[in-house]
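Chemist: output the structure for:
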Amino acid sequence: MSKSSNLGRRTILQSGAALATTASLARTGAAADFGYVDAHSHLWSTDRKHYPLAPGAKEENVQPKGFDIGTFFSVAGSEGVGRVVAVGHTLHFGTDATYLIDLLKARPGQVAVQAYLDHEAPGVTDRMLQLKAQGAKAFRINVLTPWKDYLPERHPLMQVYQTAAMNRLVICLLTNPDWLPQLDRLSEMFPATTVVIDHFARIGVDGFGQTPPVPGTIKPDDVANLARLARHPLTHVKLSAYYALGRRTPPYDDMLPVIHELIGAYGPERLMWGSDSPYQWAEGQGYRASISLIRDRLDVTVADREWLLRKTAERVYFS
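Modeler: Model prediction:
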């Protein structure tokens, strides 16, 4: 790649919004340690030359056209957020992590990468090691198909868990509540694998996207099954994606009992807040409403809040 192309990327990544972020963090008194960590935001560029869409993806379906690091911090910075776990936008970019890796290089210490992984693709463990060499530490795996039975012991997902354990990598699962028994078994088989369950395992997502809106159901049995995974010391949960769960209406107080139950099971040291931007920015939702649930409305100690908003994600993704 030409020197001018590299310069073009750097110009995109190091936008003027970085200065606004630094200033806002200084106002919160958190500039020295970067402030809070958003443990989950999808980020992608409008630059299709350097960051093309995946084969078969259509430009007209990409909404918004881009959601870059400067746009993210233009809002997140004013809420005291100074670091982010950047997640691949698989719908339009597939498994390509180029933009995320470029962010990681341009903003060391401020960005961590959770790259999407097709766990059934040939050479999946080699792919993990390639991305690790480029700085990626965490890998998102999609297991949303209806769960029917326990996976055979030679399933590719077993290899992924084993490789993660051997290389101190993190497995992040986008899943549904019916998969929780299988995930419990996997962590029992591979106790040295660090696991993060994204978005409460999507408990209460039923009815999402329907017109007119239908509130989701927070089933006690699903919450209990998610809490059961706390018996595995390296399992964590992201408190994220409120716009899609339960009543889906700010201030999201219907999620507070779930959060308290998970704190009782995991302790705050294995829970972390994430926004799931840009989707949390939808009309009637908002970034501030998301972080406010943990920062302003959750009844916990100052020390516990620090774990939920910063220290857990810092340990899992940035250490």
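Chemist: and the nearest residue to residue 204 once chain neighbours are set aside, what element?
Modeler: Nearest residue to residue 204 in three dimensions, chain neighbours excluded: residue 216, at 3.6 Å (CB to CB, 6 or more residues apart in numbering). Glycine gets a C-beta too; all of them are placed from N, C-alpha and C. According to DSSP states H and E, residue 216 maps onto no helix or strand at all.
Chemist: so who does residue 216 touch?
Modeler: Listed by CB atoms under 8 Å, 6 or more residues apart in numbering, the contact partners of residue 216 are 204-208, 244-248.
Chemist: same question, residue 223
Modeler: Contacts of residue 223 by CB under 8 Å, 6+ apart are 203, 258, 261-262.
Chemist: what subset of those is buried?
Modeler: Neighbour-count burial (16 or more other CB atoms under 10 Å) applied to the contacts of residue 223 gives 203, 258, 262.
Chemist: if we look at the sheet, which residues does the residue nearest to residue 110 when sequence neighbours are not counted bridge to?
Modeler: Using CB to CB, 6+ apart and skipping residues adjacent in sequence, the residue nearest residue 110 is residue 83, 5.3 Å away. Residues in a beta bridge with residue 83, per DSSP bridges, are residue 37.
Chemist: for residue 209, grab the count of nearby residues.
Modeler: A count of nearby residues for residue 209, using other CB atoms under 10 Å, gives 8.
Chemist: do you know how far it is from residue 286?
Modeler: From residue 209 across to residue 286, the span is 19 Å (CB to CB, to the nearest Å).
Chemist: for the protein, which spans come out with low pLDDT?
Modeler: For the chain, applying pLDDT under 70 flags the ranges 1-33.
Chemist: try 50 this time
Modeler: Counting by pLDDT under 50, the chain has low-confidence residues at 1-32.
Chemist: all helices of it, in order?
Modeler: Using DSSP state H, the helices of the chain run over 3-13, 17-28, 69-76, 90-93, 98-106, 124-133, 156-167, 180-189, 220-228, 256-266, 287-292, 302-306, 312-313.
Chemist: residue 38 is nearest to which of those?
Modeler: Closest approach to residue 38 among the helices of the chain (CB to CB): helix 69-76, 5.9 Å.
Chemist: I'd like to know which elements the closest one is packed against.
Modeler: Secondary-structure packing of helix 69-76 (3 or more CB pairs under 8 Å, 6 or more residues apart in numbering; DSSP states H and E): helix 17-28, strand 36-42, strand 81-87.
Chemist: just the angle between it and helix 98-106, please?
Modeler: 70 degrees (axes from the mean of the first three to the mean of the last three CA atoms, to 10 degrees).
Chemist: roughly how far out does helix 69-76 sit from the chain middle?
Modeler: From the chain centre to the centre of helix 69-76 is a distance of 16 Å (CA atoms, centre = their mean, to the nearest Å).
Chemist: just the CA coordinates for it, please, in PDB.
Modeler: The C-alpha coordinates for helix 69-76 follow below in PDB (Å, rounded to 0.1, in the frame of the first residue of the first chain):
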ATOM      1  CA  ILE A  69     -14.400   6.800  15.900                       C
ATOM      2  CA  GLY A  70     -14.700  10.600  15.700                       C
ATOM      3  CA  THR A  71     -18.500  10.400  15.500                       C
ATOM      4  CA  PHE A  72     -18.600   8.000  18.400                       C
ATOM      5  CA  PHE A  73     -16.500  10.200  20.700                       C
ATOM      6  CA  SER A  74     -18.400  13.400  19.800                       C
ATOM      7  CA  VAL A  75     -21.200  12.000  22.000                       C
ATOM      8  CA  ALA A  76     -19.500   9.400  24.200                       C
END
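Chemist: how about that helix: buried residues?
Modeler: Residues 69-76 are the ones in helix 69-76 that count as buried (16+ other CB under 10 Å).
Chemist: show me the two of those that sit farthest apart.
Modeler: 69 and 75 (11.8 Å).
Chemist: okay, which residue is most central for the protein?
Modeler: Centroid check for the chain by CA atoms, centre = their mean gives residue 40 as the closest residue, at 2.9 Å.
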